[in-house]
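J.: Build me a structure from this.
(chains A and B)
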Amino acid sequence: MATTERVLPISALDRFNARAQPRPRIAVHKFSSCDGCQLAFLNAGEALLQLAQRVDLVHFAEAGPVDPEAPVDLAFVEGSISTPEEAERIRRVRANSRYLVSIGACATSGGLQALRNFNADGAVGWTEAIYAQPEFIQSLGSATPVAEHVKVDLELWGCPVNARQVFQALRQLLFGVAPVVDKDKLCVECKRQQHVCVLVAKGEPCMGPVTHTGCGALCPAFGRDCYACFGPAENPNTAALACRFEGLGLVPEAVARRFHFINSHAPSFRAEWLKWQEPE
Amino acid sequence: MSEQREIRIEVPVLARVEGEGALELTASGGRIEDLRLRIFEPPRYFEKFLEGRGADEVLDVVARICGICPVAYQMTAVQALEQAFGVEPAPWILDQRRLMYCGEWLQSHALHIHLLALPDFLGFDNAIAMAQKHPEAVRRGLRLQRLGNDLIRLFGGRSVHPVGMRVGGFHRAPDPARAAAVLAELRDALPDAEALVAFTAGLDLPEDDQEFTSVALRHENEYPMYSGRIVSDRGLDLAVHEYPEHFEESHVAHSTALYAHLHGQPYLVGPLARLNLNHDRLSGAARAALAATGLRLPSRNMFHSVIARAVEVHEAVLQAIELLERYRPREPAHDPVTARFGQGHGATEAPRGLLWHRYRLDADGMVRHAQIVPPTSQNQARIEDDLRRSLESFGLHHDDDALRLHGEMVIRNYDPCISCATHFLKVRVRRR
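T.: Numbers count the residues shown, from 1 in each chain, chains lettered A, B, ... in the order given. Next up is the predicted model:
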């Protein structure tokens, strides 16, 4: 099952810090994704060059080095598991890595492409609709988070994750400190920034009350409703929020769609979506 | 002597568009008998996710097709949706869209030139290694890339999957003080951008002229980015909605990316195609910097793509300065939109080339059917054609490493996607 557990297992950190060589070896792996989360490194500018001086980037195809089977201290994994080859490959990545961090919505919840998981006939019908010769397409019926396949030591949520999240975790790990992930709901950050409440003042179906913080409350800053790209917060009261949306005039199908989006496979969002599905 | 030599070039790790793939070729007596660029991108079914979604949801979905060019996907979709709803965006909105799009061109091109292409031409494995010897070139790239990201952030809050666009305009107009700060940065970057054109033209690029058809948008007076007619250098001149009558997508066994052909033939989209067709539309300063390089257009050498990209970086900085100098905020930052039944088409120039969308909407304005033709699938047949010709003219007697490197350089000219454009080809030779 997908885990919403974001607490770091200390045993894993001990293993990470027990590394033999003084210069940590780091890999960035890609699975089914848009590449946007790896840009947290590539958009970091000078910080990327500094990082390259402090660690060995042994595998990071976007930046150049390619050595996917190399043993590393720390592996960042972007993307969901959506093909038989990927299901195999993630096991090898796990076996080769002391500490594994999944980054972004695809890796932590299956991401947008997990919408295929709810299609009545799996992805088969879709393959037939898009590809002239579906028999050429190798694809699993589902797109699932990394934690459903192997043990994950730390999850960084977000579609996309940003440089602040990734470099904070990296720095804490390199200093031997347990990474701290802020578990507030988006609303807390939004209030701190003193934005006008989109839900209360404008009556728009904002997902802020059930969404994990981390983006910087971007959508409310732009006067629009949060669409939960950072995934469900800890203990989200999705039931109350869904009823509020209905009170705002959303039809059940529209309420359902709010939860059935970027992080549709995350357990709390999946459960709320199911409740608001139109009866067949 | 007719030696049959089977060369297998494998792609173990790849990114979004190519996913996982390989290059296979069979050669005999110095000629290539068969060549296939195999592409195994895991299918992500975006066109199906869009069905049943409302117009504003579409913009948040299509951004996620590509982390490197989300703005291009949003721009093309918004154009199609507004057409379907019968909305003509105000000039202010069109100006701001071009401005935001300039940010993506800057970001994407600066990244490609400096971090991906340049190590080839300066003889390094990757940009991190190159940064030790050429710190200034790498830092210039990082500065231009950051500037592009700042420009996207001004309109979208973040540079990957920005949140500021909506059907009818923007959720919020940029704050004038922040716009002024980005303008100042752009003015400071102008010397960097101008120097980049001369620098790329001074690189030792291979000579390799080929015949190919260039396809790009053409606008009455702008260098094409957000809008225009679809033209080619063989006389094609189409309205955006006429695209499917001339371009055909097909599916072959060795690729999950669909192949697009123009009248049954491969064609080129992207910076070199755009420059070949539109160099007369560059701003004065960009035209002067280009003329100073002595590059003759139209060019038939795909390795000139890196120069074309630099010219477009310069043009994007110039256009962004011009647009920001006359920037005034507008409240509200969007026009009213009423959802309705209809169909709309969009075509814009993504950094990698022409991007085409079509949406059919129901009476509530929800998507019934979506079709998206990205630039890389349009270039795929051309890339295979190019590989066949350039590896033959390079000479198949070269050893595997030299063939691999040359093949990689050829593919990188198309900037197919970021990680597929770094060192990924493995050569395995079997002799029979």
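J.: okay, which residue is most central for chain A?
T.: Closest to where the C-alpha atoms of chain A average out (Cα atoms, centre = their mean) is residue A:105, at 2.3 Å.
J.: Next: chain B.
T.: residue B:352 (1.1 Å).
J.: And the helices in the chain?
T.: No chain specified, so I'll use chain A. Shown for chain A, the helices assigned by DSSP state H span residues A:10-17, A:39-42, A:46-54, A:84-95, A:105-109, A:124-130, A:163-174, A:186-192, A:198-202, A:218-221, A:238-247, A:252-259, A:267-276.
J.: that's the other chain; I wanted chain B
T.: Counting by DSSP H, the helices of chain B are B:46-49, B:55-62, B:70-84, B:91-111, B:118-122, B:127-133, B:135-156, B:176-201, B:243-246, B:271-278, B:284-293, B:305-325, B:375-394, B:400-412.
J.: Who are the packing partners of the longest one?
T.: In terms of contacts (3 or more Cβ pairs under 8 Å, 6 or more residues apart in numbering or on different chains; DSSP states H and E), helix B:176-201 is packed against helix B:135-156, helix B:284-293, helix B:305-325. All C-beta atoms are positioned from the backbone trio N, CA, C, and that covers glycine.
J.: picking up where we left off before, can you put the helices of chain B in CSV and add mean neighbour count?
T.: Formatted as CSV, those follow (neighbours: other Cβ atoms under 10 Å in any protein chain shown):
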stretch, mean neighbour count
helix B:46-49, 21
helix B:55-62, 22
helix B:70-84, 27
helix B:91-111, 24
helix B:118-122, 19
helix B:127-133, 18
helix B:135-156, 22
helix B:176-201, 17
helix B:243-246, 14
helix B:271-278, 26
helix B:284-293, 16
helix B:305-325, 25
helix B:375-394, 21
helix B:400-412, 19
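J.: can you tell which of those is closest to residue A:53?
T.: Residue A:53 lies closest, by Cβ to Cβ, to one member of these: helix B:127-133, at 9.1 Å.
J.: what about that closest one, average pLDDT?
T.: Averaged over helix B:127-133, pLDDT sits at 88.
J.: Return the distance of it from the chain's centre.
T.: 25 Å (Cα atoms, centre = their mean, to the nearest Å).
J.: swap in stretch B:139-155?
T.: That offset, for stretch B:139-155, works out to 17 Å (Cα atoms, centre = their mean).
J.: ok, back up a step: buried deepest among the helices of chain A, which one?
T.: helix A:105-109 (a mean of 33; mean count of other Cβ atoms under 10 Å in any protein chain shown).
J.: That one vs chain B: in contact?
T.: No. Contact of helix A:105-109 with chain B (Cβ under 8 Å from any Cβ of the partner chain) is absent, the minimum separation being 8.7 Å.
J.: And for that helix, what's in contact with it?
T.: A:2, A:31-34, A:37, A:77-80, A:102, A:111-113, A:143, A:145-147, A:155-160, A:229-231, A:262-266 (Cβ atoms under 8 Å, 6 or more residues apart in numbering or on different chains).
J.: And it, how far out from the chain middle?
T.: 3 Å.
J.: what do you get for stretch B:273-290?
T.: Counting by Cα atoms, centre = their mean, stretch B:273-290 comes out at 17 Å from the chain centroid.
J.: Am I right that residue B:232 is in contact with residue B:262?
T.: Yes. Here residue B:232 reaches residue B:262: they are 6.9 Å apart, a contact under Cβ atoms under 8 Å.
J.: Spell out which residues are contacts of both of those two.
T.: By Cβ under 8 Å, 6+ apart, the residues touching both residue B:232 and residue B:262 are B:213, B:215.
J.: still on that earlier bit, tell me who's in contact with the residue nearest to the centre of chain B.
T.: Per Cβ under 8 Å, 6+ apart, neighbours of residue B:352: B:69, B:108, B:269, B:270, B:374, B:375, B:376, B:379, B:414, B:415, B:416, B:417.
J.: ok so, going back, quick one, which of the helices of chain A is nearest to residue B:221?
T.: helix A:39-42 (33.6 Å).
J.: Only C-alpha atoms, please: export that closest one in PDB.
T.: These are the backbone C-alpha positions of helix A:39-42, laid out as PDB (Å, rounded to 0.1, in the frame of the first residue of the first chain):
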ATOM      1  CA  LEU A  39      14.800  20.100 -12.500                       C
ATOM      2  CA  ALA A  40      14.900  20.800  -8.700                       C
ATOM      3  CA  PHE A  41      18.600  20.000  -9.200                       C
ATOM      4  CA  LEU A  42      19.100  21.400 -12.700                       C
END
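J.: Which elements pack onto it?
T.: helix A:46-54, helix A:163-174.
J.: 6 Å instead, please
T.: Under the contact definition 3 or more Cβ pairs under 6 Å, 6 or more residues apart in numbering or on different chains; DSSP states H and E, helix A:39-42 sits against no other helix or strand.
J.: From residue B:148, how far out is residue B:191?
T.: From residue B:191 across to residue B:148, the span is 17 Å (Cβ to Cβ, to the nearest Å).
J.: meant to ask about residue A:166, not that
T.: For residue A:166, the distance to residue B:148 equals 20 Å [Cβ to Cβ].
J.: Contacts only, for residue A:260.
T.: residue A:273 (Cβ atoms under 6 Å, 6 or more residues apart in numbering or on different chains).
J.: Mind doing that once more with 8 Å?
T.: By Cβ under 8 Å, 6+ apart, the neighbours of residue A:260 are A:115, A:118, A:269, A:273.
J.: Reformat those residues as CSV; add distance to residue B:62.
T.: CSV is the format used below for those (distance: Cβ to Cβ, whole Å):
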residue, distance to residue B:62
A:115, 14
A:118, 20
A:269, 21
A:273, 21
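J.: pLDDT and distance to chain B for those residues - can I get that in CSV?
T.: Putting those into CSV (pLDDT from 0 to 100; distance: Cβ to the nearest Cβ, whole Å) gives the following:
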residue, pLDDT, distance to chain B
A:115, 90, 5
A:118, 79, 11
A:269, 97, 15
A:273, 95, 13
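J.: one step back: make a markdown table out of the helices and strands packed on helix B:176-201 and add distance to residue A:59.
T.: Formatted as a markdown table, these follow (distance: least, Cβ to Cβ, whole Å):
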| stretch | distance to residue A:59 |
| --- | --- |
| helix B:135-156 | 20 |
| helix B:284-293 | 37 |
| helix B:305-325 | 26 |
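J.: can you put those helices in TSV and add distance to chain A?
T.: Shown next, in TSV, are these (distance: least, Cβ to the nearest Cβ, whole Å):
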stretch	distance to chain A
helix B:135-156	4
helix B:284-293	25
helix B:305-325	16
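J.: Nearest to residue B:198, out of those?
T.: Nearest to residue B:198, of all the helices and strands packed on helix B:176-201, is helix B:284-293, at 6.3 Å by Cβ to Cβ.
J.: Mind giving me the packing neighbours of that closest one?
T.: Using 3+ Cβ pairs under 8 Å, 6+ apart, helix B:284-293 sits against helix B:176-201, helix B:305-325.
J.: Not counting residues beside it along the chain, what's closest to the residue nearest to the centre of chain B?
T.: residue B:375 (4.2 Å; Cβ to Cβ, 6 or more residues apart in numbering or on different chains).
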